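Asker: build me a structure from this.
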Amino acid sequence: MSTTTLAVLVPLLPFLGAAAGLLLGRTAPGFVRPLAVLPTLTAFALAVLVALRQGGDAAIDAATRLTPTGSVPIDLALHIDGFAALVAVLVGLVATCVQIYSTGYLRDDPRYPSYAALVSLFTSAMLLVVYSGDLMVLLVGWEIMGICSYFLVGHYWETPEARAASLKAFLVTKLGDVPFLIGLFALATDAGSFRITRILATVAEGGLDHPTPVALLLLAGVAGKSAQFPLHTWLPDAMAGPTPVSALIHAATMVAAGVYFVARLLPVFEASSAALVVLAVMAAVTMTGSALAALAQDDIKRVLAYSTIGQLGYMTGALAVGDRGAAVFHLISHGAFKALLFLAAGVIIHAAGTNSLAAMSRMGQLRARVPDAFWTMTVALLALSAIPPFSGFFSKESVLGAAEPVPGAAGWTVLVAGVATALLTAAYATRLWLLAFHGKGTEAPDHGREPRTMTVVLWVLAVPSLALGGLAYGRLPDWFDGDGLAPTLTTSVVGTGAALIGALVTYAAWRSTRAEAARVPLGAVAAHPRADAGTVEAEAIAGHTPAYGDVASAPDPADPSRRLLGPLHRHAAAGFHLDAVYAALFVRPVEAGARLVRFLDREVVDTYVNGAGTLSRLLGAAVRRAQTGNVQTYVSALLAGTVVLVVAALVVATGA
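Answerer: Below you'll find the model as predicted:
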């Protein structure tokens, strides 16, 4: 079988699995789990085979003209280079792990058939984006992911949080997709084609007429899809969906699509120095702001959500300095350990039997309860903190190393923000580990051992989280344009030193606050932890209702985040009030305009419409009164009218 045929089957199999799952979910429930797992697993195996055949050599291109469309044709095209081959392997691996994990996590969920089908469709759409050689075909997968995220984030639609989060995710990403679509049309108009190879050739020839507007329009869509400032606010709220969905969105689909798009079309953005500066500033603000917000969150999934935003900032920072190899390397590395982090968090929540223990300050002694989650999450947190020799160290240092020699504002912006974020990342990762596994919160009842399908997946993902960086950085350049990805000495020392400082300072603050709390009576500790600009207030500002269980269950008083952030804690916990800013700038004016339109419709337009109807009704009533049904009355009126007409005629004739 040819490589092209295998590549076509990679996105096609999950799509067919999704269609079959939707059709047979109710009539043949016994087929739901095989239809969820087997097509995705087969697609993953085929993606590995395609990557091995591609081997980092020349890109595989194939195209079929869909239909004549005028001056800019649309082709059903494949373009598989080294980047596409490896990213497809990542998508297949994470999607397969999520499907296997979900068979245990959602085993009692009545809506599991539709959930599994949507996950398969989500996977198929991302694989279409990865392999597509035509921007319009890529746009199809791009938009399918948007609607899949809407349904999956809102899986628990009975809760208002899930309904609001799904709608917010859809609307915010669509806000970026509108300029993105305009940018695609402008780019294709300049290049005369939607084919990626033709567009890149046009850029190389200097044929783009408006590179800066096109690049900025495309960046708006990238910011929305990959949750970059200022369109990142939907991602923390998306934690209202099932935890496996969070793993899929954060590790391999949706948010990875924007970064991958820029990497694939990087020469388009390099044609505009202004666009690269905007991308660098966006990356720097995203990195540092999200890391500060993660340090102040109490919900474990929201910590991981802000962590994803920050790590995506590293990737866009690498792209801003023109190194797509480092960006995609970190994308692949991050996909492995971030999927592991979310799925391990799901084991913790599942062990508690309720989402109430998503609050880290209320977790108690979970190390012994969920040893698989403890050890694998420890590996993932070390990778996230970029501690050698874990995979995150190699990929994150490749980003810092790419920014170091770049002259100008973009390079220094990414480098300084990257080092500061490395310190903050280690700080919130250490805090999460201490509170989740060594906390003194209320201990939940033991619900027994977790399903093996969940724990086995954790150990599978722990392998690339531990070994991917060391094994791959020497070989990946063959897939990544031949550019070196080895860490440099300067950035390695600075970055690792910053991470160690962040971890040690957080641990010292935790020990100090814990010692202080031990000297305070329990009643005094439990009286104020939520009133002190804590999570409840912060989430109330952001419009969330935290599900932390009984108010009387005291949180762990040894949370070091307030000591570390000081007066900044309240603002960081609320995401720096960006939702409130958007509400004041956009939501409230739109609502006020809607109220004005409703008033004008009811009080002005309806007045004229109702007045016309009233006048017609009155005239009809008057005419109806004349219709008595008495024949004598009708004859008398006829004679009277005749007499009047005769008299009038005589008067006229006499006057003449």
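Asker: return the residues in contact with Thr212.
Answerer: Thr212 makes contact with Ser272, Ala274, Ala275, according to Cβ atoms under 8 Å, 6 or more residues apart in numbering. C-beta coordinates here come from the backbone N, C-alpha and C atoms, glycine included.
Asker: helix or strand: which one has it?
Answerer: Using DSSP states H and E, Thr212 maps to helix 211-225.
Asker: show the average pLDDT along the next helix or strand after that helix.
Answerer: Toward the C-terminus, helix 211-225 is succeeded by helix 234-237 as the next helix or strand (DSSP H and E). Averaged over helix 234-237, pLDDT sits at 93.
Asker: and whichever helix or strand comes after helix 234-237, C-alpha only, in CSV?
Answerer: Using DSSP H and E, the helix or strand that directly follows helix 234-237 along the chain is helix 243-251. This file holds the C-alpha atoms of helix 243-251, laid out as CSV (Å, rounded to 0.1, in the frame of the first residue of the first chain):
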residue,chain,number,x,y,z
THR,A,243,-11.1,15.5,32.2
PRO,A,244,-10.2,13.3,29.2
VAL,A,245,-11.6,16.0,26.9
SER,A,246,-9.3,18.5,28.6
ALA,A,247,-6.3,16.2,28.0
LEU,A,248,-7.2,15.9,24.3
ILE,A,249,-7.8,19.6,23.8
HIS,A,250,-4.7,20.7,25.7
ALA,A,251,-2.2,18.1,24.4
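Asker: what distance separates helix 243-251 from the centre of its chain?
Answerer: 9 Å (Cα atoms, centre = their mean, to the nearest Å).
Asker: packing partners for the very next helix or strand once past that helix?
Answerer: Beyond helix 243-251 on the C-terminal side, the first helix or strand identified by DSSP H and E is helix 255-264. Counting contacts by 3 or more Cβ pairs under 8 Å, 6 or more residues apart in numbering; DSSP states H and E, helix 255-264 packs against helix 82-105, helix 112-131, helix 135-153, helix 211-225, helix 300-320, helix 324-352.
Asker: of all the ones you listed, which lies closest to Thr421?
Answerer: Taking Cβ to Cβ, helix 300-320 is the member of the helices and strands packed on helix 255-264 nearest to Thr421, at 5.8 Å.
Asker: list the buried ones in the closest one?
Answerer: By 16 or more other Cβ atoms under 10 Å, the buried positions in helix 300-320 come out as 300-320.
Asker: re the thing from before, can I get the helices and strands packed on helix 255-264 in CSV including mean pLDDT?
Answerer: CSV is the format used below for the helices and strands packed on helix 255-264 (pLDDT from 0 to 100):
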stretch, mean pLDDT
helix 82-105, 94
helix 112-131, 95
helix 135-153, 94
helix 211-225, 95
helix 300-320, 95
helix 324-352, 90
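Asker: got these as JSON lines, with distance to Ala36 columns?
Answerer: Listed next are these as JSON lines, based on distance: least, Cβ to Cβ, whole Å:
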{"stretch": "helix 82-105", "distance to Ala36": "5"}
{"stretch": "helix 112-131", "distance to Ala36": "4"}
{"stretch": "helix 135-153", "distance to Ala36": "13"}
{"stretch": "helix 211-225", "distance to Ala36": "25"}
{"stretch": "helix 300-320", "distance to Ala36": "23"}
{"stretch": "helix 324-352", "distance to Ala36": "16"}
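Asker: nearest to Met454, of the ones you listed?
Answerer: Short answer: helix 82-105, nearest of the helices and strands packed on helix 255-264 by Cβ to Cβ, at 4.5 Å.
Asker: quick one, that closest one and helix 255-264 angle?
Answerer: 180 degrees (axes from the mean of the first three to the mean of the last three Cα atoms, to 10 degrees).
Asker: now helix 82-105 against helix 243-251, angle please.
Answerer: Counting by the same axes, to 10 degrees, helix 82-105 points 170 degrees away from the direction of helix 243-251.
Asker: what about dumping the CA coordinates of the helix or strand where Gly392 lies to PDB?
Answerer: Using DSSP H and E, the element containing Gly392 is helix 391-403. What follows is helix 391-403, C-alpha atoms only, in PDB (Å, rounded to 0.1, in the frame of the first residue of the first chain):
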ATOM      1  CA  SER A 391      11.600  15.700  28.100                       C
ATOM      2  CA  GLY A 392      10.400  19.300  28.900                       C
ATOM      3  CA  PHE A 393      14.000  20.300  29.700                       C
ATOM      4  CA  PHE A 394      15.200  19.600  26.200                       C
ATOM      5  CA  SER A 395      12.300  21.100  24.300                       C
ATOM      6  CA  LYS A 396      12.000  24.200  26.500                       C
ATOM      7  CA  GLU A 397      15.800  24.800  26.400                       C
ATOM      8  CA  SER A 398      15.600  24.500  22.600                       C
ATOM      9  CA  VAL A 399      13.200  27.500  22.700                       C
ATOM     10  CA  LEU A 400      15.400  29.600  24.900                       C
ATOM     11  CA  GLY A 401      18.400  28.600  22.900                       C
ATOM     12  CA  ALA A 402      16.700  29.700  19.700                       C
ATOM     13  CA  ALA A 403      15.900  33.100  21.200                       C
END
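Asker: so which elements touch that helix?
Answerer: helix 300-320, helix 324-352, helix 371-384, helix 409-438, helix 452-472, helix 489-518.
Asker: please tell me how far the last one is from the chain's geometric centre.
Answerer: Which is helix 489-518. On Cα atoms, centre = their mean, the centre of helix 489-518 falls 30 Å from that of its chain.
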